[in-house]
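Asker: Predicted model, plus sequence, below.
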Amino acid sequence: MAITEEQLAAKFKAAFEFGSDDPNINVAEARQHLADELANGVAQFVIGRQTAVTGTSATGGAVTGTGTIQE
């Protein structure tokens, strides 16, 4: 199940705060950690979410439906 926007914001905040009070933090590792945490949060927000799908059939008619975003 996809996480809520509020949960995503909390994950982003936690990712940005990681090591922010550590003067000895390894900057390269902190940047990688931030990138990994943000990517994970976005994936949890998107994957499993129900979405509307629209398109055109092979014969030119409109097609609509719903689907779940999968990994």
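Answerer: Okay, I see it.

Asker: This protein: helices as residue ranges?
Answerer: Ranges of helices in the chain, per DSSP state H, are 5-17, 27-46.

Asker: Let me have the ones you listed in TSV, extended by mean pLDDT, mean neighbour count and distance to G55.
Answerer: Yep, even glycine has a C-beta here, placed from its N, CA and C like the rest. TSV is the format used below for these (pLDDT from 0 to 100; neighbours: other CB atoms under 10 Å; distance: least, CB to CB, whole Å):
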stretch	mean pLDDT	mean neighbour count	distance to G55
helix 5-17	96	13	27
helix 27-46	96	13	20
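
Asker: which one of those helices lies closest to V53?
Answerer: Closest approach to V53 among these (CB to CB): helix 27-46, 14.6 Å.

Asker: For the closest one, enumerate the helices and strands it packs against.
Answerer: Judged by 3 or more CB pairs under 8 Å, 6 or more residues apart in numbering; DSSP states H and E, helix 27-46 is in contact with helix 5-17.

Asker: Mind giving me the packing neighbours of the helix it packs on?
Answerer: helix 27-46.

Asker: neighbouring contacts of the helix it packs on?
Answerer: Identification of contacts with helix 27-46 by CB atoms under 8 Å, 6 or more residues apart in numbering yields 2-3, 5, 7-8, 11-12, 14-16, 18-19, 69, 71.

Asker: Which pair in these has the greatest spatial separation?
Answerer: For these, and using CB to CB, no pair is farther apart than G19 and I69, which are 31.4 Å apart.

Asker: Looking at the helices of the chain, which is nearest to A52?
Answerer: The nearest among the helices of the chain, by CB to CB, is helix 27-46 at 14.5 Å.

Asker: tell me the angle that closest one makes with helix 5-17.
Answerer: 180 degrees (axes from the mean of the first three to the mean of the last three CA atoms, to 10 degrees).

Asker: starting at the chain centroid, how far to helix 27-46?
Answerer: In terms of CA atoms, centre = their mean, to the nearest Å, the centre of helix 27-46 is set 9 Å apart from its chain centre.

Asker: In PDB, could you pull the C-alpha coordinates for it?
Answerer: What follows is helix 27-46 as a C-alpha-only set of coordinates in PDB (Å, rounded to 0.1, in the frame of the first residue of the first chain):
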ATOM      1  CA  VAL A  27      29.800  14.500   3.300                       C
ATOM      2  CA  ALA A  28      29.900  12.000   0.500                       C
ATOM      3  CA  GLU A  29      28.300   9.300   2.600                       C
ATOM      4  CA  ALA A  30      25.700  11.800   3.900                       C
ATOM      5  CA  ARG A  31      24.800  12.800   0.300                       C
ATOM      6  CA  GLN A  32      24.400   9.200  -0.700                       C
ATOM      7  CA  HIS A  33      22.300   8.500   2.400                       C
ATOM      8  CA  LEU A  34      20.000  11.400   1.500                       C
ATOM      9  CA  ALA A  35      19.700  10.300  -2.100                       C
ATOM     10  CA  ASP A  36      18.800   6.700  -1.000                       C
ATOM     11  CA  GLU A  37      16.300   7.900   1.600                       C
ATOM     12  CA  LEU A  38      14.500  10.300  -0.800                       C
ATOM     13  CA  ALA A  39      14.400   7.600  -3.600                       C
ATOM     14  CA  ASN A  40      13.000   5.100  -1.100                       C
ATOM     15  CA  GLY A  41      10.300   7.600   0.100                       C
ATOM     16  CA  VAL A  42       9.300   8.400  -3.500                       C
ATOM     17  CA  ALA A  43       9.000   4.700  -4.400                       C
ATOM     18  CA  GLN A  44       6.900   4.000  -1.300                       C
ATOM     19  CA  PHE A  45       4.600   7.000  -2.200                       C
ATOM     20  CA  VAL A  46       4.200   5.900  -5.900                       C
END
